[in-house]
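Chemist: Give me a model of this one.
(one chain, ligands or ions: 1)
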Amino acid sequence: MEIRMRYMVHLISLLVALTTAVMADASWGYNADNGPATWPGVCQTGFRQSPIDFNLGSVEISHYNKLHFVHYHNAGSVNVTNNGHSVTVSGFETWGPNQPYIYSGGLAHKYKLVQFHAHWSQDYLTGSEHTVGGLHYPAEVHFVHIRDGYTVATAANLSDGIAVVGVFLNLGTPNVGISMLKAALSDVVSVGPVTKVDGFRPKTLLPQNTESFYRYEGSLTTPGCNEAVIWTVLTDPVTVTEDQLNLFRNLKDHHDNMLATNYRPTQPLNGRQITFRPSNFDRIELCGSAPTLRGSISAFIATIASIWLPNM
Ligand SMILES: [Zn+2]
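Modeler: Numbers count the residues shown, from 1 in each chain. Predicted coordinates:
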């Protein structure tokens, strides 16, 4: 009897888990009836939600070491798919000893790359999830890394289980990485198919300068909004063309409607600390604290200027 009860309880939990997983996938989106304001649970009640705005008043200068991107220059096979919320590029676990990972830069652990995806809108004044001084870039790529030794599921329950690196996309010259994904992005306009791309290098979607970044403790920006993410948002954007942005803008959602926008609005800071690591940290450190602050503020202002003046 007891065994049968236990079996029933297991069966019910399994059904609930399956139902939740299915609902979590197709029931939420970015429209008025299923958008961010309607997302349940921690998405509404949390205190360290993402994305956020980086503004001068809330940013402090950090003394972090450089963030290391290991094996990001390697080429390997990736799977490109449209999950109805974004396009995801995954399969890095199959790279074995060549799986890209990050460490240092203020991170207490090593974090392995599992996938990246993008956020966008139909215009240039919105699109990125994080903002700088209240201003958006036209798009943002998220490189999702899982703490070494954990699975995606177990890492999502730790306060520092996931490390996401955000990279802003700005209008300019073509990006080599997105050029490599062009055919695949055209194949996955609708939800479902998985397209394999060989010889892809994740480094092609990183800016040349990865030394300058914002760091804070936040969450996943999609349901269940798990407060498990150590965020690193690189200050320097990578450039893309309008045609490349349109590859994202043309994608469709679960209902085969246009996935017109997929960015969540910025969330309250709730007293959180944002730190900023300037790229010229090592040099200005030698000159004392006042130049450090001045250098950092000018770097911050340059970032804001670059949003308005993409050709700078
Ligand atoms: Zn994201």
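Chemist: Can you point out the buried residues in stretch 39-58?
Modeler: Across stretch 39-58, burial judged by 16 or more other Cβ atoms under 10 Å covers 39, 42, 43, 46, 48, 49, 50, 51, 52, 53, 54. Quick note: C-beta positions are derived from backbone N, CA and C, even for glycine.
Chemist: cool, stretch 66-74 as well?
Modeler: Within stretch 66-74, the residues that count as buried by 16+ other Cβ under 10 Å are 67, 69, 70, 71, 72, 74.
Chemist: what are the bridge partners for the residue nearest the centre of the chain, then?
Modeler: By Cα atoms, centre = their mean, the chain has its centre lying nearest to residue 142, at 2.3 Å. Applying DSSP bridges to residue 142 yields these beta-bridge partners: residue 117, residue 166.
Chemist: Quick check: it touching residue 114?
Modeler: No. Residue 142 lies out of contact with residue 114 (Cβ atoms under 8 Å); the separation is 11.2 Å.
Chemist: Tell me where the chain has helices.
Modeler: 2-26, 42-45, 152-155, 176-187, 242-249, 281-285, 289-308 (DSSP state H).
Chemist: ok, residues contacting the fourth one?
Modeler: Applying Cβ atoms under 8 Å, 6 or more residues apart in numbering, the external contacts of helix 176-187 come out as 80, 87, 89, 193, 195, 197, 199-202, 204-205, 240, 244, 247-248, 251.
Chemist: for that helix, what is the average pLDDT?
Modeler: Per-region confidence: helix 176-187 scores 97 on mean pLDDT.
Chemist: go on, stretch 83-98?
Modeler: Averaging pLDDT along stretch 83-98 yields 97.
Chemist: Give me the buried positions along that stretch.
Modeler: 83, 84, 85, 86, 87, 88, 89, 90, 91, 92, 95.
Chemist: And it, how far out from the chain middle?
Modeler: 13 Å (Cα atoms, centre = their mean, to the nearest Å).
Chemist: Endpoints of that stretch, how far apart?
Modeler: Across stretch 83-98, the terminal residues are separated by 26 Å (Cα to Cα, to the nearest Å).
Chemist: shaky segments in the protein?
Modeler: 1-24, 280-312 (pLDDT under 70).
Chemist: Can you report how many residues lie near residue 60?
Modeler: 11 (other Cβ atoms under 10 Å).
Chemist: Would you agree it is in contact with residue 272?
Modeler: No. Counting by Cβ under 8 Å, residue 60 does not reach residue 272; the two are 11.0 Å apart.
Chemist: Tell me, how many residues neighbour the closest residue to residue 209 other than its chain neighbours?
Modeler: For residue 209, ignoring the flanking residues on the chain, the nearest one in space by Cβ to Cβ, 6 or more residues apart in numbering is residue 236 at 4.7 Å. Neighbour count of residue 236, defined by other Cβ under 10 Å: 19.
Chemist: Residue 198 too?
Modeler: There are 9 residues near residue 198, going by other Cβ under 10 Å.
Chemist: and the residue nearest to it when sequence neighbours are not counted, how far is that from residue 94?
Modeler: Nearest residue to residue 198, sequence neighbours excluded (Cβ to Cβ, 6+ apart): residue 77, at 5.1 Å. Per Cβ to Cβ, to the nearest Å, residue 77 is found 7 Å from residue 94.
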